[in-house]
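Undergrad: Return atomic coordinates for the entry below.
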Amino acid sequence: MKAKTISTTACSVLACLVAGTVCFAGQKQSKDYRDAVSQSEKAARVFREIMRAPDKSVPRDILDGAECVAVFPQVLKAGFVVGARGGRGVASCRTKSGWSAPAFFNLKGGSVGLQIGAQSTDFVLLFMNRNGLNRLMGDKFEVGGDASVAAGPVGRQAGASTNVRMDAEILSYSRSKGLFAGLELKGVVITLDDDDMNAVYGEGAKAKSVLQRGSVNAPAAVRTFPATLGSYSKRRAK
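TA: Have a look, this model is predicted:
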């Protein structure tokens, strides 16, 4: 009887441990999912605010020519002499059925020079051609290293920037303290955010399967960003 009681107790403890592990995993996935929803909403809000600014937004003909758009809200740059920047964002690409489901990325980079303090900046990246599109779908690349980048024109500057638009794989913009302008962003590395991707699309989800094929059905809660892009640019991939 005593041996049976010990065995029963051991099984109960094991069951509790297993249940606790499953519960913890569920909490972690739920947290990452909520984070993905938040990132999509933040990116959509930043893009709407930028596009609503008269004569200071991304020119419509530039936006209509982009294959993909990525927004990294509130990228933090901080340091003393040696600095670093880091943030997270969301990207969507054109497909035959409209803007794709969102993919989630991290942005990291460093800089050296006389600097002190911290600053929060919103970044907008437009991927203008097939080469830029392939960089984004590779899950990791360096802006200005692997991929050519140029400062994007703002407002009425578009007409004078045809060559820049055609030559660069990526056009980059930044907004800091209310000022939105083209920025020649270099030396930052963009990588896939595996935690958010797995939470939304399942284990092992990759950028290419989400962004290019257009067959991934993202939950409505994370589609805020691509829906916002669609309200400003309706052109679909050929």
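
Undergrad: low pLDDT regions in the protein?
TA: Applying pLDDT under 70 to the chain picks out residues 1-29, 77-85, 110-118, 156-166, 213-215, 238.

Undergrad: can you give me the helices in the protein?
TA: 2-51, 60-65, 130-137, 162-167, 194-201, 207-211, 224-232 (DSSP state H).

Undergrad: How far does the fifth one sit from its chain's centre?
TA: Here helix 194-201 shows a centroid-to-chain-centroid distance of 12 Å under the convention C-alpha atoms, centre = their mean, to the nearest Å.

Undergrad: For that helix, which helices and strands make contact with it?
TA: helix 2-51, strand 103-127, helix 207-211 (3 or more C-beta pairs under 8 Å, 6 or more residues apart in numbering; DSSP states H and E). Backbone N, C-alpha and C define where each C-beta goes, glycine included.

Undergrad: what comes into contact with that helix?
TA: Residues from elsewhere that reach helix 194-201 (C-beta atoms under 8 Å, 6 or more residues apart in numbering): 29, 32-33, 35-36, 39, 88, 101, 103-104, 204-207, 209-210, 216, 218-219, 222.

Undergrad: same thing but 6 Å
TA: 29, 32-33, 35-36, 104, 205, 222 (C-beta atoms under 6 Å, 6 or more residues apart in numbering).

Undergrad: Distance to residue 133 and neighbour count for those residues - can I get that in CSV?
TA: Output for the contacts of helix 194-201, formatted as CSV (distance: C-beta to C-beta, whole Å; neighbours: other C-beta atoms under 10 Å):
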residue, distance to residue 133, neighbour count
29, 30, 14
32, 26, 19
33, 27, 18
35, 26, 17
36, 22, 26
104, 17, 29
205, 18, 20
222, 21, 23
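
Undergrad: Report the contact partners of residue 218.
TA: By C-beta under 6 Å, 6+ apart, the residues touching residue 218 are residue 101.

Undergrad: Quickly note the distance from it to residue 167.
TA: 33 Å (C-beta to C-beta, to the nearest Å).

Undergrad: One more: residue 146?
TA: With C-beta to C-beta as the criterion, residue 146 and residue 167 are 16 Å apart.

Undergrad: Neighbour count for these two, which is higher?
TA: Taking neighbours as other C-beta atoms under 10 Å, residue 146 and residue 167 compare with residue 146 leading, 14 against 11.

Undergrad: Excluding sequence neighbours, find me the nearest residue to the more buried one.
TA: Of all residues not flanking residue 146 in the chain, residue 135 sits nearest, at 6.1 Å (C-beta to C-beta, 6 or more residues apart in numbering).

Undergrad: my guess is the one you found contacts residue 149, does it?
TA: No. Under the criterion of C-beta atoms under 6 Å, residue 135 lies out of contact with residue 149, with a separation of 10.1 Å.

Undergrad: Quick check: phi and psi on the closest residue to residue 131 other than its chain neighbours?
TA: Counting by C-beta to C-beta, 6+ apart, the nearest residue to residue 131 once its immediate chain neighbours are dropped is residue 169, at 4.8 Å. Main-chain torsions, residue 169, degrees, to the nearest 10: phi -70, psi -30.

Undergrad: Would you agree residue 169 is in contact with residue 147?
TA: Yes. Between residue 169 and residue 147 there is a contact at 4.8 Å, judged by C-beta under 6 Å.

Undergrad: Identify the residues contacting stretch 140-157?
TA: 55-56, 135, 161, 164, 168-173, 181-191.

Undergrad: What subset of those residues is buried?
TA: For these, a burial check counting by 16 or more other C-beta atoms under 10 Å picks out 56, 135, 161, 164, 168-173, 182-183, 185, 188, 190.

Undergrad: No further questions, thank you.
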